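> Give the three-dimensional model of this entry:
(2 chains)
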2 protein chains.
Amino acid sequence: MQSWIQPLLALAWQRLGEYLHETQLLGSIQSTLYWDQNTRMPSAGAAWRGEQLSLLAKQLHARQSSSQFEGLLVEVRAEFEQARLAGELEPSQVVERARNLELLEQDLRRQQRLDPALVGALATAKAKGYARWQQAKSTADFSCFAPALQHLISLRQEQAQQLAEQRSCWESLAQPFEPDLTLARLKELFAPLRQRLPDLVEEARAWTRSRAVSLGWDLHDTTQQDLCERLLQGWGRDLSITCVARSPHPFSTTLGPQDFRLTTRVVPGQPLSCFLATAHEWGHSLYEQGLPAQSHQWFAWPLGQATSMAVHESQSLFWENRIARSKAFCECWWPHFASVGAPLSSADELWLAMNPLTPGLNRVEADELSYGLHILIRTDLEIALLEEGLPVEDLPDQWNQRYSNLLGVIPDNDGEGCLQDVHWSEGLFGYFPSYLMGHLISAQLSEAMQQAIGPLEEHVSHANEHQLLAWLREHVHPIGRMMNAEQLVEHVTGKPLSSKPFLDYLEDKLERLREL
Amino acid sequence: MQSWIQPLLALAWQRLGEYLHETQLLGSIQSTLYWDQNTRMPSAGAAWRGEQLSLLAKQLHARQSSSQFEGLLVEVRAEFEQARLAGELEPSQVVERARNLELLEQDLRRQQRLDPALVGALATAKAKGYARWQQAKSTADFSCFAPALQHLISLRQEQAQQLAEQRSCWESLAQPFEPDLTLARLKELFAPLRQRLPDLVEEARAWTRSRAVSLGWDLHDTTQQDLCERLLQGWGRDLSITCVARSPHPFSTTLGPQDFRLTTRVVPGQPLSCFLATAHEWGHSLYEQGLPAQSHQWFAWPLGQATSMAVHESQSLFWENRIARSKAFCECWWPHFASVGAPLSSADELWLAMNPLTPGLNRVEADELSYGLHILIRTDLEIALLEEGLPVEDLPDQWNQRYSNLLGVIPDNDGEGCLQDVHWSEGLFGYFPSYLMGHLISAQLSEAMQQAIGPLEEHVSHANEHQLLAWLREHVHPIGRMMNAEQLVEHVTGKPLSSKPFLDYLEDKLERLREL
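Numbering: from 1, shown residues only, chains lettered A, B, ... in the order given. The predicted structure is shown next:
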């Protein structure tokens, strides 16, 4: 009997693998088109590219919700249970296969619960919302975007209802980015930040007031590019599996098991922006490069994928903030910057330039200190819009009031206020907290790393960043979707996720910066 | 009755249009992947990219040979005939629709006649042939490639048999590149070249012997790039619909109705190579930009496509050879080259550098004079391999013998001899003559253009290249696949295609160069 079951099981499992493989091929084709759209495509190519992407999206949706796929999962589940009971699988196989199956079944259930009419309406509303937002932003006219936003909110509320999970509306929408996150847990995590960050910003303001926001100097485009290349070379970039290009907004993407892309941009007047963006995107890429997809067969399976946006962000923030903005790093790199003409007379000046600590209106350009406040405002407002009946037309006032209270700045217009981010224009709710959770996770992982291998800055001083990477490669990257973000943190650090390591780190850094 | 037929006809025609549109979307996705593969993809990404491309190829083949497509064509044909007989279509509509349908039916017939087993075997043999050829070329060991070539020849012979057209084997295989071309016509066209070119090469050799093959100077990478940008700017490049990148081999491709890409490369020691390649690829791109796809709805239809590789090549050669290598052009551009440090003391020196006229072993680097001889040798040999029983193992000897006879040079090894081109490694037979026919067509169209708008070099002298483009845009580009290459030439020039304009042009150019 056993000899008869074994090949059958292998066969069904294998067929599922082939199915997922083809889905992943299509998904990665889609990513390649996005990559090209952002790095090379001439502007007039947009309409046709949109049609190509929509064709692939239809194909992907069909594969991910097909009855063939559903049948395959049922078959594999039955065979898996049978084999498990018969003791035919290694314990690690049981755990891995069970997790892969559980996630696949969950994803399928979510796909199937959505009315295709709603999926279509959402696609249209997203496209329209994005177009309206672009127009509204360029004219700083919120009223032009408001009706589209209202429509997107209604559709997302409908989506959450159709998903029919034991979660609130906002929670349901946040699941794709932060699996298993609840509102209660989020409030608990963010409460100490809500309390402490405004004070820290205020303290910093006291002694940074004299500094100019703009650095007052710049570096040539090719010089910045050259510095970025040196950085990645030092951080172990493998040219045979990576590509760096330019795009209006920096991003990182994976186009195949051995094909990792990242982009940067040069911002006039901000000579460190490209450098820090490169460090940030490289962190994202290193996480993807270290996923179990690369070491074994999971590329097309859930276990080969990133577990959450917060964990992804923790990896990019680690390399950007913990390393590139550290004092030790600036001591190593000041000679490089000085040699290409940056008017910095000491490593300390580079370190100060890397850490401006001046609250502004813009989230993307915010420093480590005020970044969290930008996120708290957005998180509160999107929850209010989705769950607490905040009228869309009140959004600009609410936005400005909170910026005034928390950051002490008020936007001149809605373009640099509540229209600044792209997310809501496509009805992307539930995403923003991942950015801030990424800061917390990065800090807590850094603490654990430090306990394991000693002070991080000492490694950086000796240009031993590969030691830091080795630790991440061993403890964090291979987990994939085996655990959610909080489980990962607890598994790796031995403690539940908290905001303490992040606040401790900020206070320590502020102290050291003040002492300069 | 009529009111009932009309919407039905529109409906079937429209459904066919939608079907073709989706096929074109998939095809252009495939082209985007090729583009990325050649311009950006890190080397280790090749395996996964191969899988993506093979998935798309399967989808495309399925669409192009499906019974749904066949049924749609039958339906549209019936409705078209009915509407035509009922006089419900404009005369121009009748002509255009008839031609579109005829070509679609022909393409479908060809797809369907092939045994899927053969299609699969060919795909495998191509991949293997290419791998073997790469290995053979790098080690200059023909025997390593010979068995794969023999296999490809057998499969292509089988393909021609399955196609069962009233054509010889070679003719059948050449149809996708040169529709309606016959061997008899090819021999007739090439006979004067076979007779006259060797003498011209010999004459040129007499007075170019003293000149070095290498120019002995070079230009910096970014300088060459800058010159190329100036060139395309002068030739009316629209940045919103075009993109220029780098790749190991220059090429031009169309990724959407408003998305045209071209690539160049910088060859160390050949400071004019990138410039001339840019002119060449821009010519290809201008043809694609001018196809009726752009002016009306034919992008996904046969009428929106290039009619033949020879016509395509005529357009690239026009801009490269007729314009960029002309004396008038060199007079305009010599100051540009001199200003970036090219050691040329006069426009004449630039003109000489643009026209080396020294026969060599390499087709791609050949000048206008000897280029044809490279093609004659390949054409004769592939016909001999496919139709005259030339044993594969005799290919290297035959190759070397002909090079010695016609060009007076003998390869040191097969790597720079019969292994130099990629075409046969993938069983691509019937393609080479298009290159030489492109020279003939370019010359004959140039004569007609000259008669219509006056001496071309005068326009070039006044930087009025847009006048030349305007003529091509009016007379050549909009034809699409409405006519085959020879019909196009006769339609535009009033005379059947012949080699006389090309030979006249060469003799005149030689004469002028000698007089320097």
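
> pLDDT-wise, which helix or strand of chain A ranks last?
Counting by mean pLDDT, DSSP states H and E, chain A has its least confident helix or strand at helix A:292-295, which shows a mean of 72.

> a helix runs through residue A:244, doesn't it?
No - under DSSP: H, G, I helix; E, B strand; the rest coil, residue A:244 falls outside any helix and is assigned strand.

> Could you double-check that it lies in contact with residue A:263?
Yes - contact criterion C-beta atoms under 8 Å: residue A:244 and residue A:263 qualify, at 7.1 Å. To be clear about C-beta, it is placed using only N, CA and C from the backbone, and glycine gets the same treatment.

> Contacts for stretch A:191-211, please.
A:352, A:356-359, A:369-370, A:372-373, A:376, A:406-408, A:436, A:498-500, A:502-503, A:506-507, A:510, A:514 (C-beta atoms under 8 Å, 6 or more residues apart in numbering or on different chains).

> Could you tell me which residues within that stretch count as buried?
Within stretch A:191-211, the residues scored as buried using 16 or more other C-beta atoms under 10 Å in any protein chain shown are A:193, A:196-198, A:200-201, A:203-205, A:208.

> Tabulate those (JSON lines), appending secondary structure and pLDDT.
Listed next are these as JSON lines, based on DSSP: H, G, I helix; E, B strand; the rest coil; pLDDT from 0 to 100:
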{"residue": "A:193", "secondary structure": "helix", "pLDDT": "97"}
{"residue": "A:196", "secondary structure": "helix", "pLDDT": "96"}
{"residue": "A:197", "secondary structure": "helix", "pLDDT": "95"}
{"residue": "A:198", "secondary structure": "helix", "pLDDT": "93"}
{"residue": "A:200", "secondary structure": "helix", "pLDDT": "93"}
{"residue": "A:201", "secondary structure": "helix", "pLDDT": "92"}
{"residue": "A:203", "secondary structure": "helix", "pLDDT": "89"}
{"residue": "A:204", "secondary structure": "helix", "pLDDT": "89"}
{"residue": "A:205", "secondary structure": "helix", "pLDDT": "85"}
{"residue": "A:208", "secondary structure": "helix", "pLDDT": "72"}
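
> Out of those residues, which is nearest to residue A:60?
Residue A:60 lies nearest to residue A:193 out of these, by C-beta to C-beta, at 37.2 Å.

> Give me the nearest residue to residue A:477, chain neighbours excluded.
Leaving out its chain neighbours, the residue that sits closest to residue A:477 by C-beta to C-beta, 6 or more residues apart in numbering or on different chains is residue A:290, at 2.8 Å.

> Which pLDDT value goes with the one you found?
On the pLDDT scale, residue A:290 is placed at 95.

> Now do the same contact list for residue A:467.
A:453, A:459.

> Look up which helix or strand it falls in, please.
Using DSSP states H and E, residue A:467 maps to helix A:465-475.

> The helix or strand that that helix is followed by to helix A:465-475, inter-axis angle?
Sequence order places helix A:485-493 as the next helix or strand after helix A:465-475, per DSSP H and E. Angle between the axes of helix A:485-493 and helix A:465-475 is 120 degrees (criterion: axes from the mean of the first three to the mean of the last three C-alpha atoms, to 10 degrees).

> Which residues of the stretch 51-200 of chain A lie near chain B?
Residues of the stretch 51-200 of chain A lying close to chain B by C-beta under 8 Å from any C-beta of the partner chain are A:51-52, A:55-56.

> Among these, which one has the most neighbours?
residue A:52 (22 neighbours; other C-beta atoms under 10 Å in any protein chain shown).

> Run the chain-centre distance for the helix or strand where that one lies.
Element membership of residue A:52 [criterion: DSSP H and E] is helix A:46-65. Between the mean C-alpha location of helix A:46-65 and the chain-wide mean there is a distance of 23 Å, by C-alpha atoms, centre = their mean, to the nearest Å.

> Only the buried residues of it, if you could.
Buried, per 16+ other C-beta under 10 Å, within helix A:46-65: A:48-49, A:51-53, A:55-56, A:59, A:63-65.

> And the buried residues of stretch A:191-211, which two are furthest apart?
A:193 and A:208 (20.0 Å).

> what about the strands in the stretch 51-200 of chain A?
Per DSSP state E, counting those that start in this stretch, the stretch 51-200 of chain A carries no strands over any range.

> Show me where it has its helices.
A:67-85, A:91-113, A:116-139, A:142-163, A:169-174, A:183-208 (DSSP state H, counting those that start in this stretch).

> Can you get me a residue count around the residue nearest to residue A:477?
Residues near residue A:290, counting by other C-beta under 10 Å: 20.

> Give me the distance between it and residue A:233.
19 Å (C-beta to C-beta, to the nearest Å).

> how far is stretch A:386-394 from where the chain is centred?
Worked out by C-alpha atoms, centre = their mean, stretch A:386-394 lies 26 Å from the chain centre.

> Output that stretch as PDB, nothing but the C-alphas.
The C-alpha coordinates for stretch A:386-394 follow below in PDB (Å, rounded to 0.1, in the frame of the first residue of the first chain):
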ATOM      1  CA  LEU A 386     -12.700  53.500   7.100                       C
ATOM      2  CA  GLU A 387     -14.100  52.700  10.500                       C
ATOM      3  CA  GLU A 388     -15.100  55.900  12.300                       C
ATOM      4  CA  GLY A 389     -17.000  57.800   9.800                       C
ATOM      5  CA  LEU A 390     -14.600  60.600   9.200                       C
ATOM      6  CA  PRO A 391     -16.100  62.500   6.200                       C
ATOM      7  CA  VAL A 392     -13.700  62.600   3.300                       C
ATOM      8  CA  GLU A 393     -14.100  66.400   3.000                       C
ATOM      9  CA  ASP A 394     -12.700  66.800   6.500                       C
END
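
> Tell me which residues are up against that stretch.
Taking C-beta under 8 Å, 6+ apart as the rule, stretch A:386-394 contacts A:143, A:146, A:149-150, A:153, A:156-157, A:168-170, A:173, A:381, A:384-385, A:398, A:429.

> PyMOL command to pick out the buried ones of these?
Buried residues among the contacts of stretch A:386-394 (16+ other C-beta under 10 Å), as a PyMOL selection:
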select buried, chain A and resi 146+149+153+156+157+168+169+170+173+381+384+385+398+429
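
> How about the contacts made by the residue nearest to residue A:32 when sequence neighbours are not counted?
Leaving out its chain neighbours, the residue that sits closest to residue A:32 by C-beta to C-beta, 6+ apart is residue A:255, at 5.2 Å. Residues in contact with residue A:255 (C-beta under 8 Å, 6+ apart) are A:28, A:31-32, A:35, A:261, B:41, B:45, B:48.

> quick one: residue A:134 from chain B, how far?
17 Å (C-beta to the nearest C-beta, to the nearest Å).

> Might you report the residue contacts of that residue?
Counted by C-beta under 8 Å, 6+ apart, residue A:134 has contacts residue A:425.

> what comes up buried for the host helix or strand of residue A:260?
Counting by DSSP H and E, the element that carries residue A:260 is strand A:259-264. Going by neighbour count (16+ other C-beta under 10 Å), the buried part of strand A:259-264 is A:259-264.

> can you check stretch A:308-328 too?
A:308-328.

> Could you do stretch A:166-181 as well?
For stretch A:166-181, using 16+ other C-beta under 10 Å, the buried residues are A:167-175, A:177-179, A:181.

> Just flag the most distant two among those.
Greatest spatial distance in those: A:169 and A:179, 16.8 Å, computed using C-beta to C-beta.

> in the stretch 151-300 of chain A, which ranges drop under the pLDDT threshold?
A:209-214, A:294-297 (pLDDT under 70).

> how about 90 then?
A:203-216, A:248-249, A:292-299 (pLDDT under 90).

> quick one: buried residues of the helix ranked longest in chain A?
Ranked by residue count under DSSP state H, the longest helix found in chain A is helix A:2-39. Neighbour counts over helix A:2-39 (16+ other C-beta under 10 Å) mark A:9, A:12-13, A:16-17, A:19-20, A:22-39 as buried.
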